[in-house]
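Asks: generate a structure from the sequence data that follows.
(one chain, ligands or ions: 3)
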Amino acid sequence: MERRDFIRLTGMGTTAVFIGSSVPFFLSSCRKEDMMMNMGAGPVSVIEGDFSTMLPIPPAINGQATLTAQRTTHNIFKGKISKVLGYQSGSILGSSIVVNSGDNININFQNNLSETSNIHWHGLITPANMDGHPEDVAQPGGSLNYNFTVSQRAGMYWYHPHPHGHTAKQANLGLAGAFIVRDGEEQSLNLPSGEFEVPLVIQDKRIFPDYALDYSPNMGEIMTGYMGPYITVNGVYSPYKDVKTRNYRLRVLNGSNGRIYNLALSNGASFTVIGADGGLLVSPLTVTSLLLGPGERADIIIDFSSYSVGTELFLLNKTFSAGAAQGTQEFKIIKFNITQNETDTFSLPGTLSVINTIPESSATRTRIFDISNAEGMGGAGHEGMAMKGMHRINNKIYDKDRVDEIVQAGSTEIWVFDNSMGDEPHPMHIHALQFQVLDRTGGRNSLLSTESGWKDTVMLLPGEKVRVIMTFGQNKGKYVLHCHNLEHEDDGMMLQFEIV
Ligand code: C2O
Ligand code: CU
Ligand code: CU
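Replies: Numbers count the residues shown, from 1 in each chain. Ligands and ions are numbered 1, 2, ... in the order given. Have a look, this model is predicted:
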């Protein structure tokens with residue numbers, strides 16, 4: 001057991017056959033549903049715990065640091081030690097990097113894994129050679145230096161590995177962290193801060209009998225995304241948080257590989273969404289639930305002031321409809337214990353921020369990205385091709401030697417993600433920029449509260465088409481766009497674009 005776990009964690013076990021190599025696997029069926037059935041990929045049921053572990057808050061560090069990817073251990077389950085990957089010894093999630101807009105980042109990355117790795121700054125606008133492009137990797141034992149200036153607005157971004165073919169495994173086994181940017185506009189709002197601003201990194205995990213994290217997707221799980229029965233928040237399973245009768249600001253990141261959460265409170269109460277991937281919305285929006293796909297963030301205010309001390313409230317996943325692999329089960333994520341009275345004078349301003357809408361008329365080009373994979377699957381079957389590449393964009397699989405789209409620095413374009421014919425959810429992510437979501441047609445036929453803000457990842461459920469608009473910056477070079485279901489990404493659902 002000891003040795004097998006070690007091998008799994010270093011990526012040299014049997015799982016590597018499916019993620020790291022191109023060993024052909026011949027399909028017996030062209031229909032995805034049949035294939036998923038054959039491969040045993042139904043929804044993975046969540047196992048709720050007793051919510052008796054206190055929620056930890058990852059320590060905050062500034063932009064001058066060393067992050068060392070390594071095998072280590074973490075106390076995910078009460079009284080149990082789990083073998084994991086981490087950016088420091090003894091911890092599954094990296095520290096939260098907290099900087100002011102305008103700060104310089106100088107981070108040394110040391111790769112102590114037995115395979116290539118790197119760091120991508122998800123949502124941050126960086127020079128191409130600092131972005132953690134899938135081919136810009138450190139060899140085992142090697143290092144990289146990330147040096148750039150953060151010149152964008154306040155928001156919750158995040159960092160995680162991005163080496164092509166290993167992203168899903170490394171992120172799932174523990175390599176990720178929050179990256180918080182602050183600025184004057186945000187400061188002037190006097191939002192709940194200090195102990196009242198709480199990062200919630202939500203992830204689902206699977207384990208071996210000895211509690212070591214287990215990343216070993218079968219082929220069905222490469223189709224659906226790898227999901228686990230244990231929901232963790234900030235690296236611990238089934239946590240609670242004591243709160244006072246006041247407003248809290250929750251910075252929520254869905255850091256899961258493939259699981260989507262439909263966030264809601266257990267008593268059905270409403271909560272207020274104040275920000276999205278790329279910072280504050282123009283004005284607060286009140287909702288009773290919020291769908292958050294892999295890679296997406298939400299900035300939420302919860303007002304606990306009307307509850308009496310002794311009340312217990314849960315943040316839940318409510319059921320939702322998003323294809324066959326998930327959404328059928330309601331489960332609890334974290335418990336809030338209202339433990340202390342406090343008089344709260346906070347009131348949320350009606351206007352939070354200024355967002356200049358990019359006019360559609362300023363777009364000089366529209367590009368269509370077909371992510372339905374309807375053709376891709378058929379093609380794969382007819383050609384008797386390898387299992388790899390079940391997920392495609394415009395029927396193409398990621399190729400490091402091919403630039404798929406060339407765009408002009410400073411120009412504005414509309415990109416259309418088209419999942420009209422698709423039967424799987426795809427959270428689509430674009431590097432190098434923040435975009436605005438113009439509209440969604442088909443499926444839900446509308447935009448969510450968070451989608452009125454700046455975004456870098458947008459969720460497409462089966463049958464949906466989404467249009468986004470963006471202005472490319474002046475950082476020239478090669479970047480990627482991809483599905484942030486990390487199994488889909490590693491499977492090749494990623495293209496390159498070059499800003500020239
Ligand atoms: Cu968070 Cu290219 O990824
Ligand atoms: Cu990214
Ligand atoms: Cu996908």
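Asks: how near is the closest residue to ligand 2 within the stretch 201-350 of the chain to Ala168?
Replies: Per CB to the ion, Gly295 is where the stretch 201-350 of the chain lies closest to ligand 2, at 7.3 Å. Backbone N, C-alpha and C define where each C-beta goes, glycine included. Shown here: Gly295 relative to Ala168, a distance of 12 Å by CB to CB, to the nearest Å.
Asks: ok, these two, which is more surrounded?
Replies: Set Gly295 next to Ala168 and count neighbours by other CB atoms under 10 Å: Gly295 wins out with 28 against 24.
Asks: residues touching that one, list them.
Replies: Counting by CB atoms under 8 Å, 6 or more residues apart in numbering, Gly295 touches His122, Asn254, Gly255, Pro427, His429, Asp456, Thr457, His484.
Asks: quick check: the residue of the stretch 201-350 of the chain closest to ligand 2 is in a helix.
Replies: No. Secondary structure of Gly295 (DSSP: H, G, I helix; E, B strand; the rest coil): coil, not part of a helix.
Asks: quick check: which element contains the residue nearest to Glu197 when sequence neighbours are not counted?
Replies: Distances taken as CB to CB, 6 or more residues apart in numbering place Arg249 nearest to Glu197, at 4.5 Å, with adjacent residues excluded. Element membership of Arg249, judged by DSSP states H and E, is strand 247-254.
Asks: that strand packs against which elements?
Replies: strand 155-160, strand 177-182, strand 197-205, strand 297-303 (3 or more CB pairs under 8 Å, 6 or more residues apart in numbering; DSSP states H and E).
Asks: buried residues, the longest one. List them.
Replies: By that I understand strand 197-205. Neighbour-count burial for strand 197-205 flags Val198, Pro199, Leu200, Val201, Ile202, Gln203, Asp204, Lys205 (criterion: 16 or more other CB atoms under 10 Å).
Asks: need these in JSON lines (columns: pLDDT and distance to Arg402).
Replies: Listed next are the buried residues of strand 197-205 as JSON lines, based on pLDDT from 0 to 100; distance: CB to CB, whole Å:
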{"residue": "Val198", "pLDDT": "98", "distance to Arg402": "43"}
{"residue": "Pro199", "pLDDT": "98", "distance to Arg402": "38"}
{"residue": "Leu200", "pLDDT": "98", "distance to Arg402": "38"}
{"residue": "Val201", "pLDDT": "98", "distance to Arg402": "34"}
{"residue": "Ile202", "pLDDT": "98", "distance to Arg402": "35"}
{"residue": "Gln203", "pLDDT": "98", "distance to Arg402": "32"}
{"residue": "Asp204", "pLDDT": "98", "distance to Arg402": "33"}
{"residue": "Lys205", "pLDDT": "98", "distance to Arg402": "35"}
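Asks: okay if I get these as TSV plus distance to Gly463?
Replies: Shown next, in TSV, are the buried residues of strand 197-205 (distance: CB to CB, whole Å):
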residue	distance to Gly463
Val198	35
Pro199	33
Leu200	30
Val201	30
Ile202	26
Gln203	27
Asp204	25
Lys205	30
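Asks: shaky segments in the stretch 351-500 of the chain?
Replies: Applying pLDDT under 70 to the stretch 351-500 of the chain flags residues 375-388.
Asks: near ligand 1, which residues of it?
Replies: His429, His431, Val480, His482, His484 (CB under 6 Å from any ligand atom).
Asks: tell me how far the last one lies from Arg444.
Replies: Yep, that's His484 we're talking about. His484 is 18 Å from Arg444, by CB to CB.
Asks: who's more crowded, the two?
Replies: Per other CB under 10 Å, whichever of His484 and Arg444 has more neighbours is His484, with 27 against 16.
Asks: who's in contact with the more buried one?
Replies: The contact partners of His484, taken as CB under 8 Å, 6+ apart, are Gly293, Pro294, Gly295, Pro427, Met428, His429, Thr457.
Asks: out of everything not next to it in sequence, what's closest to the closest residue to ligand 2 within the stretch 401-500 of the chain?
Replies: Closest to ligand 2 within the stretch 401-500 of the chain is His431: 4.9 Å, counting by CB to the ion. With sequence-adjacent residues excluded and distances taken as CB to CB, 6+ apart, His431 is closest to Tyr479, at 4.1 Å.
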